[in-house]
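Chemist: coords below, sequence missing:
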Ligand code: F6R
């Protein structure tokens, strides 16, 4: 079950430093570790921090192996928007990692099944991922595992959701140029990592952040599966976290609480009094005051008794709403 370690940072830069601390700790204890890496806007400040730390002699990437989460279908490695190119420009070209130790799915694969199986085998041969870095999509995707009726298990081809293509259009000349499909590690591949480090920054992610970690586990919010991972660290900046606490979270609690109160009251009026009345006919000694009461008088509590019931419900409703 969930072992969620939440680290709250004030700023995006602080979030990057906190995330870099996790990488540094792993690189110091296991210099030949396997890193699962992500692309997108979120990890860029972290990659800058990691580059700076290696240049300052604090960490060493020379023995590290890396596997990336995903790649656009149809984009060559040197395409300006390919994830291979992203990784070269934002990290690999500036650190001592050996090129042959970096793996990104092949966007030009002709035999997709073979490429996906080979990618899984590569991860296995490397000994599995020690630390998997994740960003969070606005629709709850991790890697490119989009919402759907099941959790895809292993590396596969996937169609990109419209919301993802719109969000990623900022990197392309127009939305029409954003590929419609991609290759991605499966949710099972991600879950097999020993440790997961997710970074979430920006107020626009608060809502989905709440759903992912505090809502039900469902393939319609793929990141929610992380609630079942034994070692997840979530690093968020204030903008992302504030929305989770004060806005949606409280409203959700309040709405559930009210709903429970109403349900209990309706149950009380329509069933409890009704049953009491029925029983009064069978056990008249216990309910002498109700004996023979029919019609509108069946909702026969006085005001004080009703208030007493209402007060008794409050802790029960609060417990369920939480
Ligand atoms: C990228 C990836 C995606 C992103 C997600 C968030 O390799 O796997 O899941 O992490 O789309 O993207 P940004 O960080 O651009 O908001």
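Modeler: Nice, I can see it. Quantities reported herein were computed from a predicted structural model and do not represent experimental measurements.

Chemist: Now for the closest residue to residue 96 other than its chain neighbours: which residues touch it?
Modeler: Of all residues not flanking residue 96 in the chain, residue 62 sits nearest, at 4.3 Å (C-beta to C-beta, 6 or more residues apart in numbering). Quick note: C-beta positions are derived from backbone N, CA and C, even for glycine. Residue 62 makes contact with 31, 96-98 under the criterion C-beta atoms under 8 Å, 6 or more residues apart in numbering.

Chemist: same check, this time on residue 244
Modeler: 206, 209-210, 214, 236.

Chemist: Now for those residues: which two are most distant?
Modeler: Farthest apart among the contacts of residue 244 by C-beta to C-beta are 214 and 236. That separation is 12.7 Å.

Chemist: And those two? Which one has more around it.
Modeler: residue 236 (27 against 14; other C-beta atoms under 10 Å).

Chemist: what bridges to the more buried one?
Modeler: residue 8, residue 200 (DSSP bridges).

Chemist: Can you say which helix or strand has residue 158 in it?
Modeler: strand 156-159 (DSSP states H and E).

Chemist: That strand and the ligand, any residue contact?
Modeler: No: applying C-beta under 6 Å from any ligand atom, one finds strand 156-159 separated from the ligand by no less than 11.1 Å.

Chemist: check contacts around the closest residue to the ligand within the chain.
Modeler: Taking C-beta to the nearest ligand atom as the measure, the chain has residue 135 as its residue closest to the ligand, at 2.4 Å. By C-beta under 8 Å, 6+ apart, the residues touching residue 135 are 38, 40-43, 142, 198-200.

Chemist: Let's have those residues in a markdown table, adding pLDDT.
Modeler: Shown next, in a markdown table, are those (pLDDT from 0 to 100):
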| residue | pLDDT |
| --- | --- |
| 38 | 98 |
| 40 | 96 |
| 41 | 96 |
| 42 | 97 |
| 43 | 98 |
| 142 | 98 |
| 198 | 98 |
| 199 | 98 |
| 200 | 98 |
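
Chemist: Give the ChimeraX command for selecting the buried subset of those residues.
Modeler: In ChimeraX, a selection of the buried entries from these looks like this (16 or more other C-beta atoms under 10 Å):
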select :38,40,42,43,142,198,199,200
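
Chemist: Just flag the most distant two among the contacts of residue 135.
Modeler: The most distant members of those, if one measures by C-beta to C-beta, are 41 and 142, lying 15.4 Å apart.

Chemist: rewinding a little: ok, of the contacts of residue 62, which one's closest to residue 10?
Modeler: Nearest member of the contacts of residue 62 to residue 10, counting by C-beta to C-beta, is residue 97, at 30.2 Å.

Chemist: Based on its surroundings, how many neighbours for the closest one?
Modeler: Residue 97, neighbours per other C-beta under 10 Å, totals 21.

Chemist: Give me the phi and psi for it.
Modeler: phi -60, psi 140 (degrees, to the nearest 10).

Chemist: low pLDDT regions in the stretch 151-300 of the chain?
Modeler: Within the stretch 151-300 of the chain, the stretches with pLDDT under 70 are 245-252, 262, 264-300.

Chemist: Now do the helices in it.
Modeler: Under the criterion DSSP state H, counting those that start in this stretch, helices of the stretch 151-300 of the chain are mapped to 162-168, 187-191, 206-214, 238-242, 250-267, 273-282.

Chemist: circling back: could the contacts of residue 244 go into JSON lines alongside distance to residue 263?
Modeler: Shown next, in JSON lines, are the contacts of residue 244 (distance: C-beta to C-beta, whole Å):
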{"residue": "206", "distance to residue 263": "29"}
{"residue": "209", "distance to residue 263": "29"}
{"residue": "210", "distance to residue 263": "24"}
{"residue": "214", "distance to residue 263": "22"}
{"residue": "236", "distance to residue 263": "34"}
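
Chemist: quick one: stretch 217-229 near the ligand?
Modeler: No: counting by C-beta under 6 Å from any ligand atom, the ligand has no neighbours in stretch 217-229; the shortest distance is 8.9 Å.

Chemist: what's the first-to-last distance across that stretch?
Modeler: Its first and final residues considered, stretch 217-229 spans 12 Å by C-alpha to C-alpha, to the nearest Å.

Chemist: Going by neighbour count, which residues in it are buried?
Modeler: Under 16+ other C-beta under 10 Å, the buried positions of stretch 217-229 are 219, 221-227, 229.

Chemist: repeat for stretch 118-131
Modeler: 119-120, 123, 126, 129-131.
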